[in-house]
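Participant: A predicted structure for the sequence below; I have some questions about it.
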Amino acid sequence: MSIIILALVLLALVTVALTSPIHRWADGSTYYMQVLSIVYDHDIQYTPADVQHIITYPLGDAPAGMFLIKTLDGRYFYGKDYSFSLFASFFYALIGTNGILLFNALMFFCMILMGYYYLRKYNGTLSIVYSLIFFGLSTLFVYMFWIEPDLYDGFLIMLGLFIWLIYIEKSDVRYLAIASLVLGLVAVSKAPDAVVFIPVFLFELYKRRYVNLLIASGAFLLVAGIFLGYFYLQSGTLSFYGGNRLYYVGNYPFWNSYDSAHEVGIQAFSLNAGNTLSDLFDLNNVKIIPYNIFYYFFGRFTGMLWYYPFAIFALVSLAFQGRRLQYFKEHPEKLCILGAIALYIFTYAVLIGDNYFGGGWAVGNRYFYIYPAFIFLVDKVDWKKAIIFLAIAMITVLPLVSAPIATSDNPGGHTYQFPYTYFPLDLSQLGNLPMTGHAFTEVSGYNFTVYGGNPRSYNGTLLVTSGDMLILSGQPIENLNMTLMAYFDYTNGSISTKGFSEEIPLTDKDIVPVTLTGMEPIYSDRRQYVYDIKVALT
């Protein structure tokens, strides 16, 4: 029965991949251009030939949003990892653009398959049902339609840990070597994800199996060395985030009247261009940490409970399984998997605190590549407990995954609808969220961004009508000049925020100046301050 279900799932995924449109946003340009370069030129360098390739095989507005590293001698290399593009290029060569979706679909199926094989010794035939629910009712499914390595990164993490668990069961060091090779590729694709290898390393160290430790470390470093070494030999830069790294939204190199002497590429984050690791890992802003941890689990835009509810179920299951300490003595691998998950979350929510979820075009937490590892925390599925999380998934996730392209094109749209409006807004990430209706404004000597309220500038003040708005500022706002615009059929108005409230009669005027004083932020972490302002007309 399970084989039949798996065959039907594979057929459905392949059919969807071959017939669906593709979602492509900014970073997707770099990866798509890489694929074209690998297939047609057999290199990872951006050249005039690549311009002809994208003209011949267009995709959306590519190459808008492309990252390039410019060398001292004027050559360009793509400023993103090329391993995803390399593997995807084999499928592109077979059937074109939808071949990349086919690659994603096969990886998604393999994750379901690995989940099934892991769970079947505890759950029998029902393991296929749980594995399908675990992956299908998560926003990971949405990324199957993206030309991005997000699904790829999650797949690699799961594959590496799955093979490592086979090593634990069989005590065959060959599986350890293969698992370490895969985890090395994880580190190549997304450097912070290298933390997943740490528990594997520490487990061998704890067991004092020093030969195995050397094999694991050697395999891990071998893969990283091959991919990074090749990139260095080609570009002279060791990191995909190094060198003179530039971002392009137009006037791309070798297009039309492009002038290489007057470079228009926007300087992007680079480890070699005046940036330091502290720009990426900043522990000075410790006040953001508890907020990030809370929103990581419960945030309206990024919360694990709403977008990956079965990750929480896995933690609940492990808590019940581990009520006896003897359980962890019998299954030390569970602690290693949990340790990998904890290190991963710590890395993103704490060390990379300014943007732990993937930025302004993410559906849920786009960087939650560790999600597939949660399935390894579960033994016997308690369906009585699982039904609670299934109900959550049906309400929060199902509408998103049932229309993955529409969801991708408007990644924040669902957050203005039930039930997401009742979830806490991720205030620590406000500047990165895919929120609509925001505008940069300068009023009363302050520069800030306004979300909602349809605000406009009016005689050096903020002109508002009615509704709620959030103000995101890089400095505290003490006093703010506003102008309330009403209509003649209103008789009263009110403006309120934390620390200030005022009722405004409108009997004679429909435009009333108001100065908000003593304003207090609803959120602050010394980097940014958020004010919630409510305007009402009656």
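Facilitator: Yep, that arrived. Computed from a predicted structure; not experimentally measured.
Participant: ok, the closest residue to Leu398 other than its chain neighbours - how many residues close by?
Facilitator: What sits nearest to Leu398 in space, not counting adjacent residues and going by CB to CB, 6 or more residues apart in numbering, is Leu137, at 6.5 Å. Placement of C-beta: from N, CA and C, glycine included. For Leu137, the neighbour count with other CB atoms under 10 Å is 22.
Participant: what are the phi and psi values for Pro434?
Facilitator: Main-chain torsions, Pro434, degrees, to the nearest 10: phi -80, psi 60.
Participant: touching, it and Phe357? I think so.
Facilitator: No. At 10.1 Å, Pro434 does not count as touching Phe357 under the criterion of CB atoms under 8 Å.
Participant: picking up where we left off before, and the gap between the residue nearest to Leu398 and Phe310?
Facilitator: 7 Å (CB to CB, to the nearest Å).
Participant: give me the more crowded residue out of Pro434 and Phe357.
Facilitator: Taking other CB under 10 Å, Pro434 and Phe357 do not tie; Phe357 has more neighbours (26 against 16).
Participant: gap between the more buried one and Ile345?
Facilitator: Separation of Phe357 from Ile345 (CB to CB): 12 Å.
Participant: flag every buried residue along the strand or helix carrying Tyr40.
Facilitator: Per DSSP states H and E: Tyr40 is located in helix 26-41. Residues of helix 26-41 classed as buried under the neighbour-count rule (16 or more other CB atoms under 10 Å) are 26-40.
Participant: before we move on, what about stretch 309-317?
Facilitator: 309-317.
Participant: ok, now stretch 398-416?
Facilitator: Quick answer for stretch 398-416 (16+ other CB under 10 Å): 400-401, 404, 407-408, 411-412, 414-415.
Participant: distance from the chain centre to that stretch, please.
Facilitator: The chain centroid and the centroid of stretch 398-416 are separated by 15 Å under CA atoms, centre = their mean, to the nearest Å.
Participant: what lies in contact with it?
Facilitator: 20-21, 23, 25, 136-139, 141-142, 144-146, 300-301, 307, 361-364, 420-421, 433-436 (CB atoms under 8 Å, 6 or more residues apart in numbering).
Participant: for ChimeraX, what selects the buried ones among the residues you listed?
Facilitator: Here is the ChimeraX command that selects the buried residues among those (16+ other CB under 10 Å):
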select :23,25,136,137,138,139,141,142,144,145,146,300,301,307,361,362,363,364,420,433,434,435
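Participant: looking at the buried residues of stretch 398-416, which one is closest to Glu204?
Facilitator: Val401 (38.3 Å; CB to CB).
Participant: export stretch 49-59 as PDB, just CAs?
Facilitator: C-alpha atoms of stretch 49-59 as PDB (Å, rounded to 0.1, in the frame of the first residue of the first chain):
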ATOM      1  CA  ALA A  49      27.500  35.300 -23.900                       C
ATOM      2  CA  ASP A  50      25.300  35.100 -20.800                       C
ATOM      3  CA  VAL A  51      23.500  38.200 -22.000                       C
ATOM      4  CA  GLN A  52      22.600  36.400 -25.200                       C
ATOM      5  CA  HIS A  53      21.500  33.300 -23.200                       C
ATOM      6  CA  ILE A  54      19.000  35.300 -21.000                       C
ATOM      7  CA  ILE A  55      17.700  37.100 -24.100                       C
ATOM      8  CA  THR A  56      17.200  33.700 -25.800                       C
ATOM      9  CA  TYR A  57      15.800  32.000 -22.700                       C
ATOM     10  CA  PRO A  58      14.000  34.800 -20.700                       C
ATOM     11  CA  LEU A  59      12.500  34.300 -17.300                       C
END
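Participant: in a markdown table: the buried residues of stretch 309-317, plus secondary structure and pLDDT.
Facilitator: Below are the buried residues of stretch 309-317 laid out as a markdown table (DSSP: H, G, I helix; E, B strand; the rest coil; pLDDT from 0 to 100):
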| residue | secondary structure | pLDDT |
| --- | --- | --- |
| Pro309 | helix | 98 |
| Phe310 | helix | 98 |
| Ala311 | helix | 98 |
| Ile312 | helix | 98 |
| Phe313 | helix | 98 |
| Ala314 | helix | 98 |
| Leu315 | helix | 98 |
| Val316 | helix | 97 |
| Ser317 | helix | 96 |
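Participant: nearest to Ile168, out of those residues: which one, please.
Facilitator: When the buried residues of stretch 309-317 are compared against Ile168 (criterion: CB to CB), the nearest one is Ala314, at 18.2 Å.
Participant: how close does the closest one sit to Ser131?
Facilitator: Counting by CB to CB, the gap from Ala314 to Ser131 is 12 Å.
Participant: Leu213 too?
Facilitator: 32 Å.
Participant: the two: who's more crowded?
Facilitator: It is Ser131, of Leu213 and Ser131, that has more neighbours when counted by other CB under 10 Å, with 27 against 19.
Participant: so who does the more buried one touch?
Facilitator: 112-113, 115-116, 119, 375.
Participant: list the contacts of Met394.
Facilitator: Leu137.
Participant: tell me which helix or strand it sits in.
Facilitator: With DSSP H and E as the criterion, the answer for Met394 is helix 383-396.
Participant: buried stuff in that helix?
Facilitator: Quick answer for helix 383-396 (16+ other CB under 10 Å): 386, 389-390, 392-393, 396.
Participant: give the next helix or strand downstream of that helix.
Facilitator: Taking DSSP H and E, what comes next after helix 383-396 is helix 398-401.
Participant: mean confidence for that next one?
Facilitator: Per-residue pLDDT over helix 398-401 has a mean of 97.
Participant: that helix: what's the following helix or strand?
Facilitator: The helix or strand immediately downstream of helix 398-401 is helix 404-409, counting by DSSP H and E.
Participant: next SSE after that next one?
Facilitator: Next element after helix 404-409 (DSSP H and E): strand 438-443.
Participant: same for that following strand, what does it pack against?
Facilitator: Applying 3 or more CB pairs under 8 Å, 6 or more residues apart in numbering; DSSP states H and E, we find strand 438-443 packed against strand 446-451, strand 456-458, strand 461-464, strand 480-485.
Participant: lowest average pLDDT across the ones you listed?
Facilitator: strand 456-458 (a mean of 74).
Participant: that strand - contacts with which helices or strands?
Facilitator: By 3+ CB pairs under 8 Å, 6+ apart, strand 456-458 packs against strand 438-443, strand 461-464.
Participant: buried ones in it?
Facilitator: The neighbour-count check on strand 456-458 (16+ other CB under 10 Å) flags Tyr458 as buried.
Participant: show me the contact partners of the host helix or strand of Glu503.
Facilitator: Taking DSSP H and E as the criterion, Glu503 maps to strand 500-505. Here strand 500-505 makes contact (CB under 8 Å, 6+ apart) with 484, 491-496, 512, 514, 516-519.
Participant: from those residues, which one has the minimum pLDDT?
Facilitator: pLDDT is lowest at Thr491 among the contacts of strand 500-505; the value there is 80.
Participant: so Arg300 makes contact with Pro419?
Facilitator: No. With contact defined as CB under 8 Å, Arg300 does not reach Pro419; the gap is 9.8 Å.
Participant: quick one: Val512 is in a strand?
Facilitator: Yes. Assignment of Val512 by DSSP: H, G, I helix; E, B strand; the rest coil places it within a strand.
Participant: can you give me the strands in the stretch 101-250 of the chain?
Facilitator: With DSSP state E, counting those that start in this stretch as the criterion, the stretch 101-250 of the chain has strands at 244-248.
Participant: helix, strand or coil for the residue nearest to Leu430 when sequence neighbours are not counted?
Facilitator: Take Leu430 and drop its neighbours on the chain: the residue closest to it by CB to CB, 6+ apart is Leu472, 5.2 Å away. Here Leu472 is recorded as strand under three-state DSSP.
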